[in-house]
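> here is a sequence with its predicted model. Questions after.
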Amino acid sequence: MSNELRKPLISGNWKMNHNHFEAIQCVQKLAYLLTKEDFSAVDVTIHPPFTDLRSVQTLIDADELRFILGAQHCHEADSGAFTGEVSAQFLAKLHVRYVIVGHSERRQIFGETDEVVQQKLATIQKHGMTPILCVGETLSDREAGRTHEKVLGQVRSALVKRTVEQVKSMVIAYEPIWAIGTGKTATAEDAQHIISAIRQEVALVTSGPAASAIRLQYGGSVKASNIGEIMSQPDIDGVLVGGASLDAAEFARICQRSQRSWG
Ligand code: 13P
């Protein structure tokens, strides 16, 4: 399916790294390395830890930077007795525009289920933000030949209660769990194969029109050295980068090498 209408989306998920001083330094370095043309060619979201959000938002606003502020997580409720949790409405107030949902680390370590993912998607969109829904299979799913079943099942469950318009505006990141932080990447062809199946699943669930609009990312050991190959695939509209996004110079190279002629 053609990607000419979809602007690449490059997202840096810092996970639990960089305190707010390091966050400011990293964003300042990135701002120095990326040009106006880079930002016209790709959208760049940065997802720092919660404690950094206010500092990064202030920097983005004060210096009129073109980074888009993202969060890594939120709670499904708007407020209440949920010690330690953060509400989507608080994130929206901080000008957060993208929120990662259902990351494999949240699913595996913190027990985030498909049902909770559904609720979070609803909450994030209710507050006018864009969810980046993460899906992906474990190594044992893959070895048992269950990759499609697992990944497409997660997609279907997340989308069934969303309207076509809501699906169109969201992002899905395919992150094979065995490729996260391991240095192993799915081959670009393999990633394309699964991501194209995700696009077909979106077409099925929404009866068509959202499939060509939705942006689909790949994640898992993305680096400047493999980004070109990944972004040359027709259904891959961007990447969700973990480790390599912590280094401003490396992340800037990833953003620059993701550019292609579109639209
Ligand atoms: P790595 O790029 O470190 O493999 O992490 C991928 C990821 O989980 C991004 O959300």
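It's in.
> now stretch 218-233: buried residues?
218, 219, 220, 221, 222, 223, 224, 226, 227, 230, 231, 233 (16 or more other CB atoms under 10 Å). Placement of C-beta: from N, CA and C, glycine included.
> the fourth one falls within a helix, correct?
No. Assigned with DSSP: H, G, I helix; E, B strand; the rest coil, residue 221 falls outside any helix and is coil.
> residue 187 is in contact with that one, correct?
No. Between residue 221 and residue 187 there is no contact under CB atoms under 8 Å: 11.8 Å.
> sec struct for residue 186, please.
coil.
> ignore the last one, residue 173
strand.
> quick thing: my sequence starts at 618, can you match it?
In the new numbering, first residue 618, that becomes residue 790.
> for the spatially closest residue to residue 797 that is not a sequence neighbour, what are phi and psi?
Excluding the flanking residues, the one nearest residue 797 by CB to CB, 6 or more residues apart in numbering is residue 837, at 5.1 Å. Backbone torsions of residue 837, given as degrees, to the nearest 10, read phi 130, psi 100.
> how far away is residue 837 from residue 849?
17 Å (CB to CB, to the nearest Å).
> so how far is whatever helix or strand residue 740 lives in off the chain centroid?
Applying DSSP states H and E as the criterion places residue 740 in helix 731-743. Chain-centre distance of helix 731-743: 15 Å, with CA atoms, centre = their mean, to the nearest Å.
> keeping just the C-alphas, turn it into CSV.
Provided in CSV are the C-alpha atoms of helix 731-743 (Å, rounded to 0.1, in the frame of the first residue of the first chain):
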residue,chain,number,x,y,z
ASP,A,731,-5.9,-5.9,26.2
GLU,A,732,-9.0,-4.7,28.2
VAL,A,733,-6.9,-2.0,30.0
VAL,A,734,-5.3,-1.0,26.7
GLN,A,735,-8.9,-0.5,25.2
GLN,A,736,-9.8,1.8,28.1
LYS,A,737,-6.5,3.8,27.9
LEU,A,738,-7.0,4.3,24.1
ALA,A,739,-10.5,5.8,24.9
THR,A,740,-9.2,8.0,27.6
ILE,A,741,-6.2,9.3,25.6
GLN,A,742,-8.5,10.2,22.6
LYS,A,743,-11.1,11.7,24.8
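> how about whichever strand or helix holds residue 748 and the ligand, touching?
For residue 748, the host element (DSSP H and E) is strand 747-752. No. Against the ligand, strand 747-752 shows no contacts by CB under 6 Å from any ligand atom, the least distance being 6.6 Å.
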